[in-house]
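Could you work out the structure for the sequence below:
(2 chains)
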Amino acid sequence: MRVRFAPSPTGHLHIGNVRTALFNWLLARGNGGVFLLRIEDTDAERSTAESETTILLDLRWLGLDWDEGPDVGGPVGPYRQSERLGKYQSRARVLIEQGRAYYCFCTPEQLEAERNEALAKSLPPKYSRRCASIDPAEAKKRVAAGEPAAVRFRTPDNREITFTDLVRGDITFHTDVIGDQVLQRSDGYPAYNFAVVVDDGLMGVTHVIRGEDHISNTPRQLLIYEALAFPPPRFGHVAMVLGPDHTRLSKRHGATSVDEFREKGYLPEALLNYLALLSWSPGDDREIMPLAEMAQRFRLSDVGHSASVFDEEKLAWVNRHYLKEAPPGRLAALAAPYLERAGYTRGLLGPVGLGYLSSIAPLFSTSVDRLAQVPGRLRQLFEFSPAAALAQPELRAEIAGGGGRQVISALAAELDKSPRLVDRETFRALANRVKQQTGQKGRGLFHPIRVALTGAGDGPELDLLVPAIDRGVDLDPAASFIPIAGCRERAAAFVAALNASPPDGRDPHADLRN
RNA sequence: GCCGCUAUCGUCUAGGGGUCAGGACACGUGGUUCUCAGCCACGGGACCGGGGUUCGAAUCCCCGUAGCGGUACCA
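Residues are numbered from 1 along each chain as shown, chains lettered A, B, ... in the order given. Model prediction:
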């Protein structure tokens, strides 16, 4: 079995194409087959080397490795269509010699006019075959004289083309609806359907798994396989990926390319897992499945027939699963760039910083959808402002009153004579002492503590947050984090701010302004 | 217009002549004696319409309808 993924380097790797690549990859890996990568860059206008580079990078990031391709080579290369022009041209010549194709001298303007005319009369807009009857010898002369000419395929009349689609079963087309397709453009480049057939034929591709948008290309390609005397591969067409409004997924729906999802902090295994389950079902209720197992269980017959809507909420849910399973060291390394961008570090994190980050990984790994949300979740580690907290009326009302104030004073006093709260037990013990001194419990106890230590009314659970704060205080400067204020200092600062403002919750400076 | 593909909760789907039509995401309620998130439990929520075939149809057939794709010297 030989399968391929054949992207055009005309932009970023789209999530729909990733699913196609994935299905091909799963098929190859689950059957001991070969997965090859071919770059379809015959559109010189839109193809770029940068696009090719990023597509390869994205595939590697995803973990979809290929056995043959433009970078690694292989026995049937080259793997870039722009480097195979001679192969297409010689095949086109042979088809002309055999009378299966002919030169077409029609101008784009003529064709356009004819198409519009046909459409106006509600007729299928097929090529008129004006050039089909030109004497081959004369056509050859005109070409030799430098007249621009495309090569067209002579589509047989009145035939039915049936193929058995690996996902949908038998599909039949009538050749009457197929015009004489262009095999080679007048600039010498092959047209898509021709290049694909020549390549898949020459590369020994046995299974072509692609998007549903290629389904009507299949009979055209089958005709070319026949003319070229290549044994045709088997085809399988996978339904489209749609946006929430049921139109083709595109930029206006939000992120659509792999690099965007990586940027947002989705894990490659989560993306692949989600994409696989979008239209493929293993038959049981499993939602989370590692790549290797997917390869083992993947069957094209278990792929759905209808288009599916891409749901980022569910992708986020899958991502959370993998985030929770990921080892802390990996999470730290992945999260570090996001913290740097948020301004929480001074340069690259060293081993000390990464070690610290791994040690507090549970603080964010269980409560975040994706990596880009990590800085927000850790904000209270790096930012602390009693003044800002007291400026919020709701917070102020809760802690400026008797009970809250009492808790905070006791907290500050206890912290003053306590070692750093580097673990949950130390923190709990201290909270207990405050509880005994103040008689407060539950929300009345913990909420003032939270506000005094974080300056906010919500956030990660204190059992995790407090040790994270105090473990971050005396980090070696090599850690490169911006300095983290400890609990002791925070409580003291909060008490000071509190004392500087009246207990009734009014802005102490209001009178001055009036 | 013509050709083709498709049709089960809002979304992803399982099932497939007789089922309480199952699961997941999302949503709602409750719990997790600090909050948000998470997690756990419970709950509401679907077979596009019409005709057949059949004792029986969501399931098979036909016809509609709707969505998507194609109809290029783009890929």
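
okay, CA-based contacts and neighbour counts for the rest of this
Noted.

Isn't A:R377 up against A:E461?
No: if you go by C-alpha atoms under 8 Å, A:R377 and A:E461 don't touch, sitting 11.0 Å apart.

So which of the two has more stuff around it?
A:R377 (17 against 10; other C-alpha atoms under 10 Å).

what is the mean pLDDT for stretch A:86-106?
Per-region confidence: stretch A:86-106 scores 96 on mean pLDDT.

Check stretch A:347-356 too.
For stretch A:347-356, the mean confidence score works out to 92.

okay, now A:A429: neighbour count?
Neighbours around A:A429, by other C-alpha under 10 Å: 12.

May I see the buried residues of the helix or strand containing it?
Using DSSP states H and E, A:A429 maps to helix A:424-438. The neighbour-count check on helix A:424-438 (16 or more other C-alpha atoms under 10 Å) flags A:424, A:426-427, A:430-432, A:434-435, A:438 as buried.

between those, which is nearest A:S122?
A:R424 (76.5 Å; C-alpha to C-alpha).

separation between that closest one and RNA strand B?
10 Å (C-alpha to the nearest atom of the strand, to the nearest Å).

From A:I360, how far off is that residue?
12 Å (C-alpha to C-alpha, to the nearest Å).

May I have the beta-bridge partners of the closest residue to A:R185 other than its chain neighbours?
The spatial neighbour of A:R185 that comes closest, neighbours along the chain excluded (C-alpha to C-alpha, 6 or more residues apart in numbering), is A:A150 at 4.7 Å. Beta bridges link A:A150 to A:C104, judged by DSSP bridges.

Kindly export the helix holding A:A429 (C-alpha atoms) in PDB.
Taking Å, rounded to 0.1, in the frame of the first residue of the first chain, the C-alpha atoms of helix A:424-438 are listed here in PDB:
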ATOM      1  CA  ARG A 424       0.100  22.900  51.200                       C
ATOM      2  CA  GLU A 425       0.400  21.600  54.800                       C
ATOM      3  CA  THR A 426       2.300  24.600  56.000                       C
ATOM      4  CA  PHE A 427      -0.400  26.900  54.500                       C
ATOM      5  CA  ARG A 428      -3.200  24.900  56.000                       C
ATOM      6  CA  ALA A 429      -1.600  24.900  59.400                       C
ATOM      7  CA  LEU A 430      -1.300  28.700  59.200                       C
ATOM      8  CA  ALA A 431      -4.900  29.100  58.000                       C
ATOM      9  CA  ASN A 432      -6.000  27.000  61.000                       C
ATOM     10  CA  ARG A 433      -4.200  29.300  63.400                       C
ATOM     11  CA  VAL A 434      -5.900  32.300  61.800                       C
ATOM     12  CA  LYS A 435      -9.200  30.400  62.100                       C
ATOM     13  CA  GLN A 436      -8.700  29.800  65.800                       C
ATOM     14  CA  GLN A 437      -7.700  33.400  66.500                       C
ATOM     15  CA  THR A 438     -10.600  35.000  64.600                       C
END
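
A:E112: neighbour count?
11.

Could you do A:S257 as well?
For A:S257, using other C-alpha under 10 Å, the count is 19.

Distance check, the residue nearest to it when sequence neighbours are not counted against A:R248.
Sequence neighbours aside, A:H14 is the residue nearest to A:S257 in space, at 4.4 Å (criterion: C-alpha to C-alpha, 6+ apart). In this view, A:H14 and A:R248 are 12 Å apart by C-alpha to C-alpha.

So which of those two has more stuff around it?
Neighbours per residue (other C-alpha under 10 Å) separate A:H14 from A:R248, with A:H14 holding more: 20 against 17.

List the contacts of the more buried one.
By C-alpha atoms under 8 Å, 6 or more residues apart in numbering, the contact list for A:H14 reads A:256-258.

nearest to A:A478, of the buried residues of helix A:424-438?
A:R424 (25.7 Å).

check contacts around the closest one.
So A:R424 contacts A:463-464, A:466-467 (C-alpha under 8 Å, 6+ apart).

From these, which land in helices?
Under the assignment DSSP state H, the contacts of A:R424 contribute A:463-464, A:466-467 to helices.

JSON lines for the residues you listed, including distance to RNA strand B and pLDDT?
Converted to JSON lines, the ones in helices among the contacts of A:R424 look like this (distance: C-alpha to the nearest atom of the strand, whole Å; pLDDT from 0 to 100):
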{"residue": "A:D463", "distance to RNA strand B": "5", "pLDDT": "93"}
{"residue": "A:L464", "distance to RNA strand B": "8", "pLDDT": "94"}
{"residue": "A:V466", "distance to RNA strand B": "9", "pLDDT": "95"}
{"residue": "A:P467", "distance to RNA strand B": "11", "pLDDT": "95"}
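
Flag every residue of the stretch 151-300 of chain A that's near RNA strand B.
By C-alpha under 7 Å from any atom of the strand, the part of the stretch 151-300 of chain A that sits against RNA strand B consists of A:168-174, A:177, A:181-182, A:184-187, A:190-193, A:212-217, A:239-240, A:244, A:246-248, A:277-281, A:283-287.

Next secondary structure after the helix or strand harbouring A:G376?
Assigned by DSSP H and E, A:G376 falls within helix A:374-382. Using DSSP H and E, the next helix or strand after helix A:374-382 towards the C-terminus is helix A:386-390.

Give me the most central residue, chain A.
A:V258 (3.0 Å; C-alpha atoms, centre = their mean).

Which residues are in contact with that residue?
Per C-alpha under 8 Å, 6+ apart, neighbours of A:V258: A:12-15, A:18, A:58.

what separates it from RNA strand B, distance-wise?
Look at A:V258 and RNA strand B: by C-alpha to the nearest atom of the strand, they are 18 Å apart.

any idea how far that residue lies from A:L57?
10 Å.

Likewise for A:P337?
18 Å.

Give me the more crowded residue out of those two.
A:P337 (19 against 14).

A:L331 reaches A:A361, doesn't it?
Yes: A:L331 lies in contact with A:A361 (C-alpha under 8 Å); the separation is 6.8 Å.

Can you name the residue of the stretch 251-400 of chain A nearest to RNA strand B?
In the stretch 251-400 of chain A, the residue that lies nearest RNA strand B is A:S279 (2.7 Å; C-alpha to the nearest atom of the strand).

and that residue, how many neighbours?
Quick note: A:S279 (other C-alpha under 10 Å) scores 20 neighbours.

Strands of chain A, residue ranges please.
A:2-5, A:34-37, A:101-104, A:150-153, A:160-165, A:169-174, A:182-184, A:207-211, A:234-238, A:241-242, A:308-309 (DSSP state E).

now the ones you listed in CSV, with mean neighbour count?
Putting the strands of chain A into CSV (neighbours: other C-alpha atoms under 10 Å) gives the following:
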stretch, mean neighbour count
strand A:2-5, 24
strand A:34-37, 22
strand A:101-104, 26
strand A:150-153, 25
strand A:160-165, 15
strand A:169-174, 13
strand A:182-184, 25
strand A:207-211, 21
strand A:234-238, 22
strand A:241-242, 22
strand A:308-309, 18
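
so which of the ones you listed gets nearest A:I449?
strand A:308-309 (45.1 Å).

Just give the nearest non-adjacent residue to the residue in the stretch 101-250 of chain A that RNA strand B sits nearest to, would you?
In the stretch 101-250 of chain A, the residue that lies nearest RNA strand B is A:D213 (3.0 Å; C-alpha to the nearest atom of the strand). Residue nearest to A:D213 in three dimensions, not counting chain neighbours: A:M240, with 7.7 Å by C-alpha to C-alpha, 6+ apart.

Tell me, how many residues neighbour the one you found?
24.

Wait, it touches A:F310, no?
No: using C-alpha under 8 Å, A:M240 is not in contact with A:F310; the gap is 9.9 Å.

Provide a list of residues in contact with the residue of the stretch 251-400 of chain A closest to RNA strand B.
Per C-alpha under 8 Å, 6+ apart, neighbours of A:S279: A:239, A:303-308.

give me phi/psi at it?
phi 100, psi -20 (degrees, to the nearest 10).

Can you give me the pLDDT of it?
92.

can you check A:A195 too?
For A:A195, pLDDT reads 97.
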